[in-house]
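Participant: Here is a sequence with its predicted model. Questions after.
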Amino acid sequence: MSEEAVNSTGGDPLHSVADALDAAVQAAKDGVGDAAEAASRAVPAIGGMLSGLTYKACYGVSYGVVFPTMLVVNLVPKENAAVHGLIDGARAAMDLIEEMKAKNAAAPESGASESPSS
């Protein structure tokens, strides 16, 4: 094919390839921009979904624990030996926990750690 025929049908083939590559690069850049925009819209939606799911799970667990406990508490008569024993036992357990916390807080300050004997 002669040079005149190439020029009359659209020019240099390398120029056509370069134009096609430029178009492909521009399309890729546009695709990346569109993907970034879609991701920026999706992140808040996913965060909201996870937040709602976390709330519902914690609500369900809390309700499942508190409701039966309060139901039993309201069914038990208030002035009897069993209730007084439960209250005294709960107070003793809380006192023991406070003592354990105080002991653990004091141990690092003393600088000596107790090692269990074998």
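Facilitator: Noted; the coordinates are in hand. Numbering: from 1, shown residues only.
Participant: Can you name the next helix or strand after the lengthiest helix in the chain?
Facilitator: When secondary structure is assigned using DSSP state H, the longest helix within the chain turns out to be helix 13-75. Past helix 13-75, further along toward the C-terminus, the next helix or strand under DSSP states H and E is helix 81-110.
Participant: gap between residue 19 and residue 65?
Facilitator: Taken as C-beta to C-beta, to the nearest Å, the spacing of residue 19 relative to residue 65 amounts to 69 Å. C-beta: built from backbone N, CA, C; applies to glycine.
Participant: for residue 82, same thing?
Facilitator: When distances are taken as C-beta to C-beta, residue 82 and residue 65 turn out to be 22 Å apart.
Participant: cool, residue 105 as well?
Facilitator: Residue 105 sits 29 Å away from residue 65, taking C-beta to C-beta as the criterion.
Participant: do the same with residue 108
Facilitator: The span separating residue 108 from residue 65 equals 33 Å under the rule C-beta to C-beta.
Participant: ok, now residue 92?
Facilitator: With distances taken as C-beta to C-beta, residue 92 is found 23 Å from residue 65.
Participant: ok, now residue 86?
Facilitator: Going from residue 86 to residue 65 by C-beta to C-beta gives 17 Å.
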